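> no sequence on this one, just coordinates:
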């Protein structure tokens, strides 16, 4: 059973930066395709970034968001720069236990989810 725990969210002013973390346990982290999603109030969960053999980003975040991982620490990161009020959402970490060449962008591409961390950007 894979467990994912996100951290690093908070209240930030527009233009600021955050680094979200996702600590994974219960499996072989290096084998996983990992992803970040976000869900704003009254909106569907949307893909933000994914990492397997390659990285993949939603068009809306390219240039501001960076996904990375530290396999020695079993941790996935999402660095967000130049935060905007529209980035306000709960951010979720997700894992697919079968590694893929291209990380999926749909929620059903992933097997395990964290509980989420809230990011609120004030204008």
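Sure, I can see it. Since we're looking at a predicted model, the values are computed, not measured.

> which SS state does the spatially most central residue of the chain fall under?
In the chain, the residue lying closest to the centroid (Cα atoms, centre = their mean) is residue 36, at 2.2 Å. Per DSSP: H, G, I helix; E, B strand; the rest coil, the local secondary structure of residue 36 is strand.

> the chain: helices as residue ranges?
Read by DSSP state H, the chain holds no helices at all.

> flag the shaky bits of it, pLDDT-wise.
Within the chain, no stretch has pLDDT under 70.

> hmm, who's touching stretch 70-78?
Stretch 70-78 is contacted by residues 19-25, 29-30, 34, 36, 48-49, 51, 65-69, 91, 93 when judged by Cβ atoms under 8 Å, 6 or more residues apart in numbering. To be clear about C-beta, it is placed using only N, CA and C from the backbone, and glycine gets the same treatment.

> how about 10 Å then?
4-8, 18-32, 34-36, 38, 48-49, 51, 61, 65-69, 91, 93-95, 114, 117, 119 (Cβ atoms under 10 Å, 6 or more residues apart in numbering).

> tell me how far it lies from the chain's centre.
Stretch 70-78 has its C-alpha centroid displaced from the chain centroid by 12 Å (Cα atoms, centre = their mean, to the nearest Å).

> just stretch 92-110 next, same as before
Relative to the centre of its chain, stretch 92-110 is centred 11 Å away, using Cα atoms, centre = their mean.

> and that stretch, which residues are buried?
The neighbour-count check on stretch 92-110 (16 or more other Cβ atoms under 10 Å) flags 92-96, 103-105, 107, 109-110 as buried.

> I'd say residue 102 and residue 35 touch.
No - taking Cβ atoms under 10 Å as the definition, residue 102 is not a contact partner of residue 35, at 11.3 Å.

> anything in contact with each of these two?
50, 52, 56, 109.

> give me the neighbour count for the first one.
This means residue 50. Applying other Cβ atoms under 10 Å, we find 25 residues neighbouring residue 50.
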